[in-house]
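generate coordinates for the sequence data below:
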Amino acid sequence: MVLSIFLIAALSAMSSAIVGIFLVLKKMSMLTDAISHTVLLGIIIAFVLTKSLTSPLLIIGATVVGVLTVYLIELLIKSKKTSEDAATGVIFPLLFSISVILISLNFRNVHIDVDAVLLGQLELADQDNILINGINFGQKSLYIMLLVFIINLIFFLVFYKELKISSFDAGLAFVLGISPLLIHYMLITLVSLTAVAAFNAVGSILVIALMIGPAITALLLTNNLFKSVILAMAIGVFNSFVGYFLAVTTDLRISGMISMVTLIVFLIVLFFNPKNGVIAKLFLKKHQETEFTLLVLIMHIFTHTSNNDLKEVELTKISKELNWKESKTFTYIKKGIEENYLEKHGLFIFLTPKGNEYHNLKINEFKN
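Residues are numbered from 1 along each chain as shown. Model (predicted):
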């Protein structure tokens, strides 16, 4: 296991998680997919102008095109003629197709590895080093992602209040003197920068996975915005570690394995989260149904015993009065007796003092 490769993946995950949370909250998740592809246009234009793959203008050009992508999408949305998903579906292929055309016109003899574009070259990241006067200062991608992480973290900490208010209530932000539009485009600029920086090392698929996967997983676990960002970063690092370890042991692509682990972790949290997971909700629903059915039985017995109408609480009559199957009636009578709400005297069912107390408590809850 090469530590520097894992660090690149971890820094990419943390950088992406910081901005990813706000994309999810703003319901702009699919913009990540669009930006991660359209930034290629900025890279190509900058390369045509500079003729250098090491020029910082490549990152600047890609970031500008990322922001341009969002601006054009929002321009179409504001026209009221199309929806957000349709606008994304128009602008994204348009800018990406221009990239393909430019490549065809200017780089006909250059072979573009589709796998490298989609899955990145994380395995070879430790081979791309910074050499100054023959001295190796380490992996280029590591320094780039560290810088992007620091920028994103500073942005999050400095503009936390503004991000929080504008994400949930843009109108309130405007009243408080905060410019939602400025915050929005600052965020989109960082999304583009993060996508561009991570694109070369991890590929477009993992950029999307790291930006959205840990964010939606964290939001399933907590409603606190600050905690959700920290948790998303931790989940991203965990996914990167597990994915990297599995990729190394199975000799598979690192980016693909991290993406798969990200999905698996999300599904585990989605189904088994004890707070609001799918399984927990099913158990809660079943518990509520059981509790309500037992309460109906208790209320029936309370009403008729209060009126001394004992025939209606006779064991053989309860099923008919409640229109229940006998098996259901016996099941809930047994449950009520086990929980000390009911007691049986001969063929009649009565409430215990605890049952009366439970009945009165629930009635008061309904009144309030």
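
and residue 82, that's in a strand?
No. Counting by DSSP: H, G, I helix; E, B strand; the rest coil, residue 82 is not found in a strand; it is coil.

tell me the mean pLDDT for the host helix or strand of residue 227?
Assigned by DSSP states H and E, residue 227 belongs to helix 225-250. Taken as a whole, helix 225-250 has a mean pLDDT of 92.

ok, longest helix in the chain?
Secondary structure of the chain per DSSP state H: the longest helix is helix 180-221.

tilt between it and helix 225-250?
60 degrees (axes from the mean of the first three to the mean of the last three C-alpha atoms, to 10 degrees).

so what secondary structure elements neighbour the helix holding residue 227?
helix 3-25, helix 160-168, helix 180-221, helix 254-272 (3 or more C-beta pairs under 8 Å, 6 or more residues apart in numbering; DSSP states H and E). For glycine as for every other residue, the C-beta is placed from the backbone atoms N, C-alpha and C.

for the first one, name the packing helices and strands.
It stands for helix 3-25. Counting by 3+ C-beta pairs under 8 Å, 6+ apart, helix 3-25 packs on helix 30-50, strand 135-139, helix 140-158, helix 160-168, helix 180-221, helix 225-250, helix 254-272.

let's see that with 6 Å instead.
helix 140-158, helix 160-168, helix 180-221, helix 225-250 (3 or more C-beta pairs under 6 Å, 6 or more residues apart in numbering; DSSP states H and E).

from these, which stretch is densest packed?
Counting by mean count of other C-beta atoms under 10 Å, helix 180-221 has the highest mean neighbour count of the helices and strands packed on helix 3-25, with a mean of 24.

now residue 173: how far from residue 246?
43 Å (C-beta to C-beta, to the nearest Å).

equivalent analysis for residue 344, please.
59 Å.

what's next to stretch 224-239, contact-wise?
10, 13-14, 17, 21, 164, 210, 214-215, 217-219, 222, 258, 261-262, 265 (C-beta atoms under 6 Å, 6 or more residues apart in numbering).

in three-state terms, label residue 324 for me.
Looking at residue 324 with three-state DSSP, the answer is coil.

hmm, back to that, go through the helices and strands packed on helix 3-25 and name the closest to residue 83.
helix 180-221 (18.7 Å; C-beta to C-beta).

and what about residue 274, helix, strand or coil?
coil.

now do residue 349
Residue 349 - assigned by three-state DSSP - is strand.

so what's it up against?
By C-beta under 6 Å, 6+ apart, the neighbours of residue 349 are 301, 313, 342.

once you drop chain neighbours, what's closest to it?
Excluding the flanking residues, the one nearest residue 349 by C-beta to C-beta, 6 or more residues apart in numbering is residue 313, at 5.2 Å.

contact partners for the one you found?
301, 304, 305, 348, 349.

which positions in stretch 2-10 come out as buried?
5, 6, 7, 8, 9, 10 (16 or more other C-beta atoms under 10 Å).

taking helix 160-168 as reference, get the angle to the helix holding residue 227.
Using the same axes, to 10 degrees: helix 225-250 against helix 160-168 is 90 degrees.

and the angle from helix 225-250 to helix 3-25?
Going by the same axes, to 10 degrees, helix 225-250 makes 140 degrees with helix 3-25.

what angle do helix 225-250 and helix 140-158 make?
Using the same axes, to 10 degrees: helix 225-250 against helix 140-158 is 160 degrees.

what about helix 225-250, distance to the chain center?
Distance of helix 225-250 from its chain centroid, counting by C-alpha atoms, centre = their mean, to the nearest Å, is 13 Å.

and it with helix 254-272, angle?
Per the same axes, to 10 degrees, the angle that helix 225-250 makes with helix 254-272 is 130 degrees.

hmm, residue 194 and residue 62 touching each other?
No. With contact defined as C-beta atoms under 6 Å, residue 62 does not count as touching residue 194 (10.9 Å).

ramachandran coordinates for residue 177?
Backbone torsions of residue 177, given as degrees, to the nearest 10, read phi 90, psi 10.

follow-up on the earlier one: and residue 317, which of the helices and strands packed on helix 225-250 is closest to it?
Of those, nearest to residue 317 by C-beta to C-beta is helix 254-272, at 43.3 Å.

buried residues in that closest one?
254, 255, 256, 257, 258, 259, 260, 261, 262, 265, 266, 269.

ok, now stretch 39-58?
39, 40, 41, 42, 43, 44, 45, 46, 47, 57, 58.

farthest-apart pair in those, please.
40 and 57 (14.7 Å).

need the pLDDT of residue 133.
For residue 133, pLDDT reads 62.

now residue 40
Value for residue 40, per-residue pLDDT: 78.

contacting residues around it?
residue 99.

pipe the buried residues of stretch 2-10 into a markdown table and attach distance to residue 79 and pLDDT per row.
Shown next, in a markdown table, are the buried residues of stretch 2-10 (distance: C-beta to C-beta, whole Å; pLDDT from 0 to 100):
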| residue | distance to residue 79 | pLDDT |
| --- | --- | --- |
| 5 | 45 | 81 |
| 6 | 46 | 85 |
| 7 | 45 | 87 |
| 8 | 41 | 86 |
| 9 | 40 | 86 |
| 10 | 41 | 90 |
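
residue 220 and residue 269 touch, don't they?
Yes. Using C-beta under 6 Å, residue 220 makes contact with residue 269 at a distance of 5.1 Å.

re earlier: which strands or helices does the longest helix of the chain pack on?
helix 3-25, helix 30-50, helix 57-78, helix 114-119, helix 140-158, helix 160-168, helix 225-250, helix 254-272.

on that earlier part again, output the helices and strands packed on helix 225-250 as a markdown table; include the columns distance to residue 78.
A markdown table is the format used below for those (distance: least, C-beta to C-beta, whole Å):
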| stretch | distance to residue 78 |
| --- | --- |
| helix 3-25 | 19 |
| helix 160-168 | 18 |
| helix 180-221 | 12 |
| helix 254-272 | 33 |
